[in-house]
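Enquirer: what shape does this take:
(2 chains)
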2 protein chains.
Amino acid sequence: MHEGGKLYTSSHELAEWLGISSAQIRKDLSHFGEFGKQGTGYSVASLYEELRQILHLDREWQLIVVGSGNIGSAVASYSGFAQRGFRVVAFFDNDPNKVGAKVGSFIVQDNSEIASYVSENHVQHAMIAVPAQYAQQVADLLVDSGIRGILNYAPINLSVPDYVHVEYIDPVLHLQKMTYYLE
Amino acid sequence: MHEGGKLYTSSHELAEWLGISSAQIRKDLSHFGEFGKQGTGYSVASLYEELRQILHLDREWQLIVVGSGNIGSAVASYSGFAQRGFRVVAFFDNDPNKVGAKVGSFIVQDNSEIASYVSENHVQHAMIAVPAQYAQQVADLLVDSGIRGILNYAPINLSVPDYVHVEYIDPVLHLQKMTYYLE
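Expert: Numbering: from 1, shown residues only, chains lettered A, B, ... in the order given. Predicted coordinates for the structure are as follows:
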């Protein structure tokens, strides 16, 4: 709506876009203060900006990538992270054949440098793009280094402390969501 | 639970695992018939098998991949699809330098062969792993060829008929889910 230049919206219109009830939208927003006015609804520009602040999307976040195989290479050549507020700042790998080589415009660094890099650059996000059998040890290393948000491409569940957030990219789960509708 | 050899569970226990209410679980399951018994709860083995049937996960699905770049290559070398019921059967690309070349153990075929391949092999699922600017035309081609479920790795929204299901892999959305919790 913001990109389309729309000025006002309502909880009913948002409900239709999002597939949840307008009451839920009003309730969720009320946790964060007063939005919108009786009669005119929500200003799209204000709501957009306030949601960005609430979700901490009004700043640029740094992101390191561990693993420089196919997935890592795809990330290195994709500009969509920076455009949406996540700047990829470094690549790491434990394979001596890859360390020192280039992935996109990055020189791959050794995993042993993760801790000092994260600490010096105050990085909070990391992406794991290594084979499944190495993912837990990489996660442990990331947590010990101070990483607080992990995006995991490896097909295993990671065990991390409660204060670390993990999101999983699992293409098979997405495929499984569709088969119900097919015969 | 099934893999762990657990025999019985309850809507309360499932609710805890899934982070939704036990009432919602009972309500959702009641749409599909009678599950579980008062007192003993659900048999894990029966529930597992019945859910697989309801979700159509009790069979093997075929999957074609359009695009043989980094993402396509990652898919070609990943055994996790077949293990969970989705067999990758063919790769396609429109780049003359890639058609005829190998990606994993597959010979890349030209996009012009998608329609006949899908029709002859009764394929219903496809993965789009091409640059964003080509994704819509690939989606159109897939829909015209008879594909009914699309897993889209390209960072754009696809326009498809209602009877076609699309799932999006968007790593930035996952990153955005975590920033709320970080400072």
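Enquirer: who's in contact with the longest strand seen in chain A?
Expert: Longest strand in chain A, counting residues (DSSP state E): strand A:86-93. By CB atoms under 8 Å, 6 or more residues apart in numbering or on different chains, the surrounding residues in contact with strand A:86-93 are A:60-68, A:72, A:75-76, A:81-82, A:99, A:103, A:106-111, A:113-114, A:117, A:121, A:123, A:125, A:130, B:172, B:175. Where C-beta positions appear, they are placed from N, C-alpha and C, glycine not excepted.
Enquirer: among these, which ones are buried?
Expert: A:61-68, A:72, A:75-76, A:81, A:99, A:103, A:106, A:108-109, A:111, A:114, A:123, A:125, A:130, B:172, B:175 (16 or more other CB atoms under 10 Å in any protein chain shown).
Enquirer: care to break chain A down by domain?
Expert: Domain assignment for chain A by automatic domain parsing gives A:8-54, A:61-172.
Enquirer: next one, pLDDT for the closest residue to A:Gly104 other than its chain neighbours please.
Expert: Of all residues not flanking A:Gly104 in the chain, A:Ala76 sits nearest, at 3.0 Å (CB to CB, 6 or more residues apart in numbering or on different chains). pLDDT, A:Ala76: 92.
Enquirer: ok, now which ones touch A:Ala76?
Expert: A:65, A:68, A:88, A:91, A:103-106.
Enquirer: dihedrals phi and psi, the residue positioned nearest the centre of chain A?
Expert: Taking CA atoms, centre = their mean, the centroid of chain A lies closest to A:Leu151, which sits 6.4 Å from it. Here the main-chain torsion angles of A:Leu151 (degrees, to the nearest 10) amount to phi -100, psi 110.
Enquirer: hey, what's it bridged with?
Expert: A:Met127, A:Glu167 (DSSP bridges).
Enquirer: cool, and A:Ile107?
Expert: Beta-bridge partners of A:Ile107, counted by DSSP bridges, are A:Lys102.
Enquirer: can you map out the helices along chain A?
Expert: Taking DSSP state H, the helices of chain A run over residues A:11-18, A:22-30, A:44-54, A:70-76, A:80-83, A:114-121, A:132-145, A:171-179.
Enquirer: please work out which of those is packed deepest.
Expert: Burial of those is given as mean neighbour count (mean count of other CB atoms under 10 Å in any protein chain shown); helix A:70-76 ranks first at a mean of 22.
Enquirer: sounds good, over and out.
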